[in-house]
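1. here is the input, now give the coordinates:
(2 chains)
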Amino acid sequence: MLRLAGTHYIFSLDKDVNGTSSWKSVLEIFTDSDEECLKSIENNTEECLKFLLLDTRNTNCLRTLVNKARENARGVQDLITKEVWEEVNQMYHFVNQPELQQKINSYHSLEVIEPLIKHTVMYAGITDITMPRGTGWCFMNLGKYIERCLQTIAFTEKQLEITNFSEADTNDLLQWKYLLFSLSGYELHVKTYRSSNHNFNVLHQVLINENFTRSIMYSLQRIEHYLNRIIGNEINEERAALLRDFGRLFSKVRFMELDSLTKDTVPVFFEDIKVGLVEFNQRVVQHFFSYS
Amino acid sequence: MVPQGLLDLYAGPQGFWDEMREGSDFRDLYRNVVHALKQLDVHSLQQKEKLASELFMNQGITFTVYNDDAGIERIFPFDIIPRILSGDEWKIIEDGLKQRLKALNLFLKDIYSSQSIIQDGIIPAELIASCPHYMREVAGIQVPHDIFIHISGIDLIRGDNGIFYVLEDNLRTPSGVSYMLENREITKRLFPELVAASRVRRVSNYPLLLHEILLSLSPAQISNPQVVLLTPGIYNSAYYEHTFLARQMGIALVEGRDLVVDNHKVYMKTTQGLEQVHVIYRRVDDDYLDPLIFKPDSALGVPGLMAAYRKGTVAIVNAVGNGVADDKAIYAFVPAMIKYYLNEEPLLPNVETYEMSNPDARQYVFDNLERMVIKRTNQSGGYGMVMGNSVTEKDWIKARKEIEADPRSFIAQPIIRLSTAPCFIDGKFEGRHVDLRPYALCGPSGIQIVPGGLTRVALKKGSLIVNSSQGGGSKDTWVID
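-> This next block holds a predicted model:
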């Protein structure tokens, strides 16, 4: 969310960049507020950023997410390292500073967004360095990659909506630059793809490029890896069903024919994967964390 | 809040066209900028200045100065106040540059083939023959789409009458475009609300446009041509720019030693073996490109490259031999070229230029030295210039001897009263002289010029030399409608 918000903010300062002056698409991805509420703020950068980052009336705002993450971390302090806890705690205090609101109001949003991105990167680095590779680590990563996969789908869907996946504009990489920057995939894209069929190339990258750490394929591979580690040799009927369900979902991507995706079939495909992932996530939660 | 009159105190140096001030008023174009600056106190402006320096430093946006004992890597000084051009002004510049580039490109095609411009008496043959950048070795080579000048940075100045003049043509390896792009990104950080409110035309698509042009020049009709950027290496003053552009375009950054020619084809050495290269965006001067043809001791080039180029298996950008068209002595003939090739009047005027090889002109320059600047025809970066109004007697005696010994290597121009723009220096606004280098890209589908360019500033008070090697800095350049 931070990266997307930052990218959107920077792009919105440029003239002639279609589709980025309004925050509608970003709001639709990260909030569940009604259309009227979104409409009232979608063209006001400060209001949107406040809503996305700090306004706790928005149940998905960053402040709420960090607060919840901190509560989670407090509850599992015995399973996470001191360094991880401290980093989460620091981020919590940063995001709850009263002056953040003023910084966003005064058009200094990047002074808020960039340190937050740094905190998230620090968090990733600290967990990688300090966390033991036990079950806790596997669950952390399982959740991370499920969410990453869903976000990649959500960003791509929104961009497809904006560009309408127009084949007439297939030669224009600019329309995809926004998505690729939001997914930190622009450099990889220009290094990897040399042909001018940008629609196809971008879809290839976000769907099946195994070197792209935010691709759906990469995320699913990581999910498979951590799921296998969690289940290990303890396979009962329920766990076998979980593996089977995930395998079915993964196969849809693994054996998908990219050429067959068109303007009409791409949204259906994404929806299918999204629904499958959400259901898989629910099953994981039910199986491993249900008290009932 | 605002110390009264911090900006109002800025009047701009007297007798010059000021980009922001028009008499006692501010130009309408600067309305938003003036409003924003009036909301800021000195401390806030200094904070912004500091932030800009930190951003440049953290991102490694530095350049190297030769012969500097204090250290070679520096931040390119950046002034936080943008320079603004109107859409109408930009249209004049754009049309004028396109016209000029068309003519210069036709000149290069002509001069390396039939040489009709010489036969028709428009340009003297001896001028071409004596040009050190005229490369006989490339005569007759067919370049893709007949385009010689793919990337250019033509320097413009605005005189005290408000008119833009062409100061010089840079058609070989013009640098500075990365600063143009980074300046905009930094300005967005410093003045986000101002950038958004001003609806500044975008420059960020430059690398994409350049990449598309490079791909389109591939001699092989394949879907994924290999394009590389050839750099002299990390000690080159523009190395940052080379890495920046390579990264932005996703192409490999190579040095001469990374390439090899076999059977008239150029290959890049990779960990997976040799890969054929189809397009080379070179940032290495002609003389160093191929030790078999040019300087035999060049370690920067690729032996056999020119043979592959002649064979047509690789495209080189810009074309080899372009230096003949941006030679300062040839510059004086560009208006004639425009008439000759296009049958049009030049849209952008030249600065009056005196060929020092002409005895009458030479004498005239010597007699009026006080208001002349003398330049070496084969130098750039502000090196080898004699400013007539400030040269010491000792230096002049030496320079005059050099001119008389080799007059072909010098031209003279009247000292132009370059326009000024406000810069934030030592806690106040002061006028400094500026020029403008717009970057034009030429491909099979025509010439495209990203709106803006690099405004270079002579940061030393009263100085007219804007080159970074001579204490110059830069500003973000906005085109707004």
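
2. okay, CA-based contacts and neighbour counts for the rest of this
-> Will do.

3. quick one: contacts for the spatially closest residue to A:Ser33 that is not a sequence neighbour?
-> Of all residues not flanking A:Ser33 in the chain, A:Asn58 sits nearest, at 7.2 Å (Cα to Cα, 6 or more residues apart in numbering or on different chains). By Cα atoms under 8 Å, 6 or more residues apart in numbering or on different chains, the contact set of A:Asn58 is A:Thr31, A:Asp32, A:Ser33, A:Phe51, A:Leu52.

4. who wins on neighbours among these?
-> Neighbour counts for the contacts of A:Asn58 peak at A:Leu52, which has 25 neighbours (criterion: other Cα atoms under 10 Å in any protein chain shown).

5. ok, it - contacts?
-> A:Leu52 neighbours (Cα under 8 Å, 6+ apart): A:Leu27, A:Phe30, A:Thr31, A:Asn58, A:Asn60, A:Cys61, A:Leu62.

6. where in the chain is pLDDT low?
-> Looking at chain A here, since you left the chain open. A:15-21, A:106, A:164-172, A:291-292 (pLDDT under 70).

7. wait, chain B
-> For chain B, the stretches flagged by pLDDT under 70 are B:1-5, B:63-73, B:380-383.

8. which ones are touching the residue of it found nearest chain A?
-> Among the residues of chain B, B:Gly250 lies closest to chain A, at 3.9 Å counting by Cα to the nearest Cα. Each residue near B:Gly250 by Cα under 8 Å, 6+ apart is listed here: A:Glu187, A:Leu188, A:His189, A:Val190, A:Lys191, A:Thr192.

9. B:Ile447 falls within a strand, correct?
-> Yes: B:Ile447 forms part of a strand when assessed by DSSP: H, G, I helix; E, B strand; the rest coil.

10. just give the nearest non-adjacent residue to it, would you?
-> Distance criterion Cα to Cα, 6+ apart; nearest residue to B:Ile447, sequence neighbours excluded, is B:Leu441 at 5.6 Å.

11. name the SS class of that neighbour, please.
-> Secondary structure assignment for B:Leu441 (three-state DSSP): strand.

12. for it, give me its contacts.
-> B:His150, B:Ile151, B:Ser152, B:Leu209, B:Leu210, B:Ile213, B:Ile447, B:Gln448, B:Ile449.

13. from B:Met180, how far off is it?
-> 15 Å (Cα to Cα, to the nearest Å).

14. do the same with B:Val314
-> 29 Å.

15. out of the two, which sits in the busier spot?
-> B:Val314 (29 against 24).

16. need the contact list for the residue lying closest to the more buried one once chain neighbours are set aside.
-> Closest residue to B:Val314 apart from its sequence neighbours, by Cα to Cα, 6+ apart: B:His278 at 4.7 Å. By Cα under 8 Å, 6+ apart, the residues touching B:His278 are B:Ser218, B:Pro219, B:Ala220, B:Pro225, B:Gln226, B:Val227, B:Val266, B:Thr313, B:Val314, B:Ala315.

17. list the buried residues of stretch A:24-37.
-> A:Lys24, A:Ser25, A:Val26, A:Leu27, A:Glu28, A:Phe30 (16 or more other Cα atoms under 10 Å in any protein chain shown).

18. from the chain's centre, how far out does that stretch sit?
-> Taking Cα atoms, centre = their mean, to the nearest Å, the mean C-alpha location of stretch A:24-37 is offset from the chain mean by 16 Å.

19. contacts for that stretch?
-> A:1, A:4-5, A:38-39, A:42-43, A:48, A:52, A:58-61, A:154-155, A:158.

20. can you show me the helices along the stretch 51-200 of chain A?
-> Remark: helices assigned in the stretch 51-200 of chain A by DSSP state H, counting those that start in this stretch are A:62-75, A:82-95, A:99-105, A:110-130, A:135-163, A:174-182, A:186-192, A:198-208.

21. need the CA coordinates for the fourth one. PDB is fine.
-> Translated: helix A:110-130. What follows is helix A:110-130, C-alpha atoms only, in PDB (Å, rounded to 0.1, in the frame of the first residue of the first chain):
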ATOM      1  CA  LEU A 110       6.700  11.600   1.000                       C
ATOM      2  CA  GLU A 111       8.300  12.500   4.400                       C
ATOM      3  CA  VAL A 112       5.700  10.200   5.900                       C
ATOM      4  CA  ILE A 113       5.600   7.500   3.200                       C
ATOM      5  CA  GLU A 114       9.300   7.000   2.700                       C
ATOM      6  CA  PRO A 115      10.200   6.500   6.400                       C
ATOM      7  CA  LEU A 116       7.300   4.000   6.600                       C
ATOM      8  CA  ILE A 117       8.600   2.100   3.600                       C
ATOM      9  CA  LYS A 118      12.000   2.100   5.200                       C
ATOM     10  CA  HIS A 119      10.500   0.600   8.400                       C
ATOM     11  CA  THR A 120       8.800  -2.100   6.400                       C
ATOM     12  CA  VAL A 121      12.100  -2.900   4.600                       C
ATOM     13  CA  MET A 122      13.900  -2.900   8.000                       C
ATOM     14  CA  TYR A 123      11.200  -5.200   9.300                       C
ATOM     15  CA  ALA A 124      11.700  -7.600   6.400                       C
ATOM     16  CA  GLY A 125      15.500  -7.500   6.900                       C
ATOM     17  CA  ILE A 126      15.300  -8.000  10.600                       C
ATOM     18  CA  THR A 127      12.900 -10.900  10.500                       C
ATOM     19  CA  ASP A 128      15.100 -12.500   7.800                       C
ATOM     20  CA  ILE A 129      18.200 -12.100   9.900                       C
ATOM     21  CA  THR A 130      16.900 -12.900  13.400                       C
END
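
22. how far out from the middle of the chain is it?
-> The answer for helix A:110-130 is 15 Å, by Cα atoms, centre = their mean.

23. show me what it is packed against.
-> When contacts are defined as 3 or more Cα pairs under 8 Å, 6 or more residues apart in numbering or on different chains; DSSP states H and E, helix A:110-130 sits against helix A:2-11, helix A:82-95, helix A:99-105.

24. circling back: show me just the buried residues among the contacts of stretch A:24-37.
-> Buried members of those, scored by 16+ other Cα under 10 Å, are A:1, A:4-5, A:38, A:42, A:48, A:52, A:58-61, A:154-155, A:158.

25. among these, which one sits closest to B:Ala421?
-> A:Ala5 (34.8 Å; Cα to Cα).

26. tell me the contacts of that closest one?
-> Neighbouring residues of A:Ala5 by Cα under 8 Å, 6+ apart: A:Val26, A:Leu49, A:Ile113.

27. ok, now with 10 Å
-> The contact partners of A:Ala5, taken as Cα atoms under 10 Å, 6 or more residues apart in numbering or on different chains, are A:Phe11, A:Trp23, A:Val26, A:Leu27, A:Cys48, A:Leu49, A:Leu52, A:Leu53, A:Ser109, A:Leu110, A:Ile113, A:Ser182.

28. now swap in A:Arg148 and tell me
-> Per Cα under 10 Å, 6+ apart, neighbours of A:Arg148: A:Leu142, A:Ala154, A:Leu183, A:Thr213, A:Arg214, A:Ser215, A:Ile216, A:Tyr218, A:Ser219, A:Leu220.

29. any chance of those in CSV, plus distance to A:Ala69?
-> CSV is the format used below for those (distance: Cα to Cα, whole Å):
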residue, distance to A:Ala69
A:Leu142, 16
A:Ala154, 22
A:Leu183, 22
A:Thr213, 23
A:Arg214, 22
A:Ser215, 25
A:Ile216, 24
A:Tyr218, 25
A:Ser219, 21
A:Leu220, 23
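
30. alright, I will stop here.
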